[in-house]
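Asker: Turn this into a model:
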Amino acid sequence: MPTHAKPRSPGRLRRMILASSLALTLAAGGTTAWALDRFVIEKVEIANVSEYEAEQAAASTTTDTDTTDTTDTTAGSATGTASDAGADTVSDTVAAELTDTSYVSVDSSIEISTVVTGSGDETVTYYVADVELTDATTLRSAFAQDSFGENITETTSEIAAAKDAIFAINGDYYGFRDTGIVIRNGVVYRDDGARQGLAFYADGTVKVYDETTTTAEELLADGVWNTLSFGPSLLDGGEIAAGIEDVEVDTNVGNHSIQGEQPRTAIGVIDENHLVFVAVDGRSDGYSDGVTMTELASIMQGLGATTAYNIDGGGSSTMYFDGELVNNPLGKGEERGTSDILYIGQ
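Answerer: Model prediction:
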């Protein structure tokens, strides 16, 4: 795995550029003010997500306890205590194994590899993380600045470091839009179905679904742990999905199309609790040109995925492992701020 410099922090560069662009290109007055408010100004809805999720988990546990027979609860509690004690013992006695490109613990196995194809200006470089989990909820989500809302950003590395993550990739940049179903770590944050989503279930199942045909509460009741809202779905039953070159995820200013040869991030499902994450670098002649959506689907298919899903790409495409950038965003080794990540803790 190439060694890159420690991740730099571009601060809020993306929003600054967008703000400047909007100021130059949009009509003066109300339109400019609206655009700045919609796409640039931070709007914090929940300021301390870690605390909020802990409160939601405690409330859920209390509700479950209240609806359980006292005798069963006592027996279950005793069993759970013994199980937890055993798990703690295992965790304490089995040390995680870490190399430059791999990590193995009682909760997860991660193997990082680098693939280079083509030559000259058609060179494509991408990075693959093959991940196996013992518990699907080991894969967690985190928000920039530990806050939920719109236009709140940090780099993938900054968010990951705050969570003591061993591995992370950028998420779906939920904060750039105000639609979609957002469930993270078993908590509902947004319920406004608009597109194809990806649902991670607590039992290890991962499914592409139509957000417009369900609700966040229904998904939560079915056992969904995390959702992503971007797309498109890349594979249909292991075959490259039709029409993926024509999909537009957003019609927001500055994000009309996701087509052409671009940096990409994608998630693939090989089996239950066996995932593959891919970050394709691009827009850097001689290092990596980027790939089309169909080419990305072909990469995921070649890795053995039967389900695969495209998430936020471009300058956001980032893979992080053991405190370092794995990939080389835009050939410059500099990360762009994003609103969220998926990660595995140490």
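
Asker: low-scoring pLDDT stretches of the protein, where are they?
Answerer: Along the chain, segments meeting pLDDT under 70 span 1-30, 64-93, 250-257.

Asker: Now for the residue most central in space within the chain: which residues touch it?
Answerer: Compute the mean C-alpha point of the chain, and by CA atoms, centre = their mean the closest residue is Gly171, 2.7 Å away. By CB atoms under 8 Å, 6 or more residues apart in numbering, the contact set of Gly171 is Ser141, Leu228, Ile311, Asp312, Thr338, Ser339, Asp340, Ile341, Leu342. Just so you know, the C-beta spots here come from the backbone N, C-alpha and C atoms, and that holds for glycine as well.

Asker: Outside of the host helix or strand of the first one itself, list whatever touches it.
Answerer: Ser141 is located in strand 139-143, with elements delineated by DSSP states H and E. For strand 139-143, contacts defined as CB under 8 Å, 6+ apart pick out 49, 131, 133, 152, 159-160, 162-163, 165, 171, 175, 184-185, 200, 225-226, 275, 339-345.

Asker: Kindly report the same for stretch 178-189.
Answerer: With contact meaning CB under 8 Å, 6+ apart, stretch 178-189 is reached by 45-46, 52-53, 56-57, 60, 137, 140-141, 143, 148, 150, 172, 174, 190-195, 197, 199, 202, 211, 214-217, 219-220, 224-227, 229, 340.

Asker: at 7 Å what do you get?
Answerer: 53, 56, 140-141, 148, 150, 174, 190-195, 197, 211, 216-217, 219-220, 224-227, 229 (CB atoms under 7 Å, 6 or more residues apart in numbering).

Asker: got it, and stretch 287-297?
Answerer: Stretch 287-297 is contacted from outside by 121-125, 234-235, 240-241, 244-245, 259-264, 266, 280-283, 308, 310, 328, 331, using CB under 7 Å, 6+ apart.

Asker: Tell me which entries of those lie within strands.
Answerer: Assigned to strands by DSSP state E, the following of those qualify: Val124, Thr125, Leu235, Ile240, Arg264, Ala266, Val280, Ala308, Asn310.

Asker: and of the residues you listed, the nearest to Thr101?
Answerer: Thr125 (15.3 Å; CB to CB).

Asker: Burial check on the closest one, number of neighbours?
Answerer: As a burial measure, Thr125 scores 22 neighbours (other CB atoms under 10 Å).

Asker: What sits closest to it if chain neighbours are left out?
Answerer: Leaving aside its sequence neighbours, Thr125 sits nearest to Ser288 (CB to CB, 6 or more residues apart in numbering; 3.9 Å).

Asker: From Ala279, how far out is the one you found?
Answerer: 10 Å (CB to CB, to the nearest Å).

Asker: can you check Thr138 too?
Answerer: Computed as CB to CB, the Thr138 to Ala279 distance reads 20 Å.

Asker: just Ala297 next, same as before
Answerer: Distance, Ala297 to Ala279, by CB to CB: 15 Å.

Asker: cool, Asp121 as well?
Answerer: Asp121 sits 20 Å away from Ala279, taking CB to CB as the criterion.

Asker: okay, now Asp178: neighbour count?
Answerer: 14.

Asker: Let me fix that, I meant to ask about Ser288.
Answerer: Neighbourhood size, Ser288 [other CB under 10 Å]: 25.

Asker: when you give positions from now on, start the count at 329
Answerer: OK, 329 is where the count begins now, so the last one is Ser616.

Asker: and the nearest residue to Ser667 once chain neighbours are set aside, helix, strand or coil?
Answerer: In this structure, Ser667 finds its nearest non-sequential neighbour in Gly503, 3.3 Å apart by CB to CB, 6+ apart. When classified by DSSP: H, G, I helix; E, B strand; the rest coil, Gly503 comes out as helix.
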